[in-house]
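Student: got a predicted structure here, sequence first:
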Amino acid sequence: MELIDTHAHIDMLEGYAEYYIEQAAENNVSKIIIPGIEAEGFAAIIEIAERYKNIFFELGLFPTETLKWTDEYPEMITELSKHPKCVGIGEIGLDYHWDTSFVDKQKEIFIKQIELANTLRLPITVHDRDAHEDVLEIIDKYNNGSEIVFHCFSGDTEFMKRITERGYYLAIGGVVTFKKADILKEVAKEVPLDKLLLETDAPYLAPVPFRGKENQPAYIKYTAEEIAKIRNISVEEIAEMTTKNAEKVFKI
Ligand code: NI
């Protein structure tokens with residue numbers, strides 16, 4: 001069995017990357033993608049990806065950090081994206097949960113980064129927190145050809161259908177194991193298997209039985225097991241499909 005963690009902030013974990021990567025390998029995690037948050041962190045994630053064979057990275061400016069955008073960003077991302085381990089633009093999008101005081105800036109920078117991903121022919125990892133309608137509207141209007149992944153999907157089944165109809169993917173994380181996550185469990189049951197990816201979003205959102213603790217890629221198996229249980233299929237089948245999808249989207 002082989003699992004891919006399409007979204008793990010290895011650079012934000014408390015201990016050494018080496019430890020988590022070993023733990024992941026022991027738990028059938030074959031590949032891990034580290035998303036970018038802001039320019040200051042790019043060197044660290046690139047360094048980890050260079051050190052380990054099956055670790056990849058993405059570049060992007062996180063929505064709540066968009067006030068840090070400068071005119072140098074597109075050129076810097078373009079240059080760094082030539083790295084063979086760079087597999088996407090992310091995580092980018094809209095976050096209305098923490099702060100809505102600069103929504104226009106978030107939108108402007110989301111659009112700029114979508115256009116950049118299109119130019120670079122890279123997939124896009126979307127961060128959508130309490131912003132479903134605006135995120136979808138912007139993608140519909142501005143995306144031209146990049147594969148789209150909704151990371152840590154938080155919509156309902158109806159929204160899931162709207163994005164998968166468009167050919168977009170969604171990644172489900174540890175939240176699906178939470179007792180009260182009825183809406184996400186329903187999504188996990190109904191989502192077409194050829195549009196499903198797995199992720200941890202480590203160090204955040206650890207699945208049961210580690211809820212509330214530091215998350216890590218090795219724990220992705222609990223999410224895979226939960227989805228298999230919900231769909232009444234084997235965990236091997238979930239692993240095979242989600243691995244195939246991740247390899248296709250990110251060309252890894
Ligand atoms: Ni993240």
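Tutor: Thanks, I have the structure now.

Student: show me which helix runs longest in the protein.
Tutor: The longest helix of the chain (DSSP state H) is helix 103-120.

Student: pull the residues that contact it.
Tutor: Contacts with helix 103-120, where a contact means C-beta atoms under 8 Å, 6 or more residues apart in numbering, come from 60-61, 63-64, 66-67, 69, 73-74, 77-78, 81, 88-89, 92-96, 123-124, 134-135, 138-139, 142-146. For the C-beta atoms, the positions are set from N, CA and C on the backbone; glycine is no exception.

Student: among those, which lie within helices?
Tutor: Among the contacts of helix 103-120, the subset assigned to helices under DSSP H consists of 73-74, 77-78, 134-135, 138-139, 142.

Student: before we move on, the earlier item: what's the angle from the longest helix of the chain to helix 73-80?
Tutor: 30 degrees (axes from the mean of the first three to the mean of the last three C-alpha atoms, to 10 degrees).

Student: quick one: buried residues of helix 103-120?
Tutor: 103, 106-107, 109-114, 116-118, 120 (16 or more other C-beta atoms under 10 Å).

Student: distance from it to the middle of the chain?
Tutor: Using C-alpha atoms, centre = their mean, to the nearest Å, the mean C-alpha position of helix 103-120 is found 17 Å from that of the whole chain.

Student: and it, average pLDDT?
Tutor: Here helix 103-120 scores 98 as its mean pLDDT.

Student: CA atoms only: put that helix into PDB for me.
Tutor: Presented in PDB, the C-alpha positions along helix 103-120 are these (Å, rounded to 0.1, in the frame of the first residue of the first chain):
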ATOM      1  CA  VAL A 103     -10.500  41.000   1.100                       C
ATOM      2  CA  ASP A 104      -9.800  43.000  -2.000                       C
ATOM      3  CA  LYS A 105      -6.100  42.500  -1.600                       C
ATOM      4  CA  GLN A 106      -6.600  38.700  -1.000                       C
ATOM      5  CA  LYS A 107      -8.700  38.600  -4.300                       C
ATOM      6  CA  GLU A 108      -6.200  40.600  -6.200                       C
ATOM      7  CA  ILE A 109      -3.200  38.400  -5.200                       C
ATOM      8  CA  PHE A 110      -5.200  35.200  -5.700                       C
ATOM      9  CA  ILE A 111      -5.900  36.200  -9.300                       C
ATOM     10  CA  LYS A 112      -2.300  37.200  -9.900                       C
ATOM     11  CA  GLN A 113      -1.100  33.800  -8.600                       C
ATOM     12  CA  ILE A 114      -3.700  31.900 -10.700                       C
ATOM     13  CA  GLU A 115      -2.400  33.700 -13.800                       C
ATOM     14  CA  LEU A 116       1.200  32.900 -12.800                       C
ATOM     15  CA  ALA A 117       0.300  29.200 -12.400                       C
ATOM     16  CA  ASN A 118      -1.300  29.300 -15.800                       C
ATOM     17  CA  THR A 119       1.800  30.800 -17.400                       C
ATOM     18  CA  LEU A 120       4.100  28.300 -15.600                       C
END
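
Student: what's the closest of the buried residues of helix 103-120 to residue 186?
Tutor: The shortest separation between residue 186 and any of the buried residues of helix 103-120 is 27.7 Å, and it belongs to residue 110 (by C-beta to C-beta).

Student: no further questions, thank you.
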